[in-house]
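A.B. asks: Here is my input, please return the structure:
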Amino acid sequence: MKKLLSLLLALTVSAASFATQPAATEPTAYLTLATANKVRLYVAPEEAKASISLWDAAGHQLYFERVNLEKNGFHQSFDISNLAEGTYQFQISTGESTVTKTLVVETKPAQRSVEIKS
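C.D. replies: Below you'll find the model as predicted:
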């Protein structure tokens, strides 16, 4: 009986300590189009260090930087004028979690516009 009570007490304490551990949250990140040839990546401040990387569809790493997000987060513009058409991914990793932002570069044929004026 003593062993059973000891076991139940140990399980209760371990379950309580497990329940109080905070869940890992993804970094808050936004990717916006600044101009036709530039995108802006913003990562919100948090108490973490992060790795920022840009990958092409073939798995080649095109950019990498380690940053401290504690004071100002991260914000940077990237010139995409030299990127070939294709899909690219920004990965923001804090070690505990990773968020991915996808960028698609494609050329659309010129559009013809007709306007009728009186």
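A.B. asks: what's across from the residue nearest the centre of the chain in the sheet?
C.D. replies: With distances taken as CA atoms, centre = their mean, Val99 lies nearest the centre of the chain, 3.2 Å away. Using DSSP bridges, the beta-bridge partners of Val99 come out as Ile92.
A.B. asks: Tell me which residues touch it, please.
C.D. replies: Counting by CB atoms under 8 Å, 6 or more residues apart in numbering, Val99 touches Glu26, Pro27, Thr28, Ala29, Gln91, Ile92. Where you see a C-beta, it was placed from the backbone N, CA and C, and this is true even at glycine.
A.B. asks: Make TSV from those and add pLDDT and distance to Ala50 to it.
C.D. replies: Formatted as TSV, these follow (pLDDT from 0 to 100; distance: CB to CB, whole Å):
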residue	pLDDT	distance to Ala50
Glu26	81	11
Pro27	85	6
Thr28	91	11
Ala29	93	9
Gln91	96	10
Ile92	95	6
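A.B. asks: how about the nearest residue to Pro27, chain neighbours excluded?
C.D. replies: In this structure, Pro27 finds its nearest non-sequential neighbour in Ile92, 4.9 Å apart by CB to CB, 6 or more residues apart in numbering.
A.B. asks: From Glu115, how far off is the one you found?
C.D. replies: 44 Å (CB to CB, to the nearest Å).
A.B. asks: neighbour-wise, which of these two wins?
C.D. replies: Each of Ile92 and Glu115 has its neighbours counted (other CB atoms under 10 Å); Ile92 has more, 23 against 4.
A.B. asks: how close does the more buried one sit to Lys101?
C.D. replies: 8 Å.
A.B. asks: One more: Pro45?
C.D. replies: Distance, Pro45 to Lys101, using CB to CB: 17 Å.
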